[in-house]
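**Student:** Next input, structure requested:
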Amino acid sequence: MNRTHVRRSCEALVAALDVPSPFQLGEFCRSLGESRGKPINLLPTPMVFGNLCGLWLGTAKADYVFYEENTSRLHQQHIVCHELGHILCEHPAKKTLGAGIASALTPVVEPGEVQRVLGRETYSDDQEFEAELIATLILQRASRFRIVDTPAALSSTSGGAVARIARSLSRGVRS
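**Tutor:** The predicted model follows:
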């Protein structure tokens, strides 16, 4: 794998995406699903399946992204964007749907409808490298947008100095 070529390809792919400002992951997935012709459903769940922290299930009618609910918001965003990387690159399935995962997902999707399943465990192969790079590039691009909410804890500090600093740092440059 020529990583320079992959990086350029991923950069071009992410540059063509409509990343909302301010960045909202749900809105981004809704828009991306709309442009692809099938919805992307985000499902926070305790990931108790081996070492997984994210999982993409693709069906003919919808894509389902399961992500670890017991982690930080930033980590959740990264997990989801990683799975979106697999979707955007149309990576082929590499795993079968195990009995444990199939039974846990039955309330959401029938195992027979699943066309693709990719779980995020390691970054050792080319597809994982590509998906990880896309996640990083999406979040890097999103971080350039202005953050509209200042956490209450910051605004209540003495003199408001921390809040003023946070506001000044959130005035990113739009791309």
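
**Student:** Can you find the helix or strand of the protein with the lowest average pLDDT?
**Tutor:** Scoring the helices and strands of the chain by mean pLDDT, DSSP states H and E places helix 152-155 at the bottom, with a mean of 39.

**Student:** Surely residue 135 touches residue 87?
**Tutor:** No: the pair residue 135 / residue 87 is not scored as a contact, 11.4 Å apart, by CB atoms under 8 Å. Yep, even glycine has a C-beta here, placed from its N, CA and C like the rest.

**Student:** As a check, name the ranges of all helices in the protein.
**Tutor:** For the chain, applying DSSP state H gives helices covering 3-15, 25-36, 73-89, 99-105, 126-142, 152-155, 161-169.

**Student:** Would you map out the domains in the protein?
**Tutor:** Domain assignment for the chain by automatic domain parsing gives 3-143, 149-175.

**Student:** For the ones you listed, which has the smallest mean pLDDT value?
**Tutor:** Among the domains of the chain, domain 149-175 carries the lowest mean pLDDT, at a mean of 42.

**Student:** I'd like to know how many residues surround the spatially closest residue to residue 91 that is not a sequence neighbour.
**Tutor:** Nearest in space to residue 91, with sequence neighbours left out and distances taken as CB to CB, 6 or more residues apart in numbering, is residue 127 at 4.7 Å. If you count neighbours by other CB atoms under 10 Å, residue 127 ends up with 16.

**Student:** before we move on, what about residue 130?
**Tutor:** Residue 130: 23 surrounding residues under other CB under 10 Å.

**Student:** Let me know the distance separating it from residue 43.
**Tutor:** Distance of residue 130 to residue 43, given as CB to CB, to the nearest Å: 23 Å.
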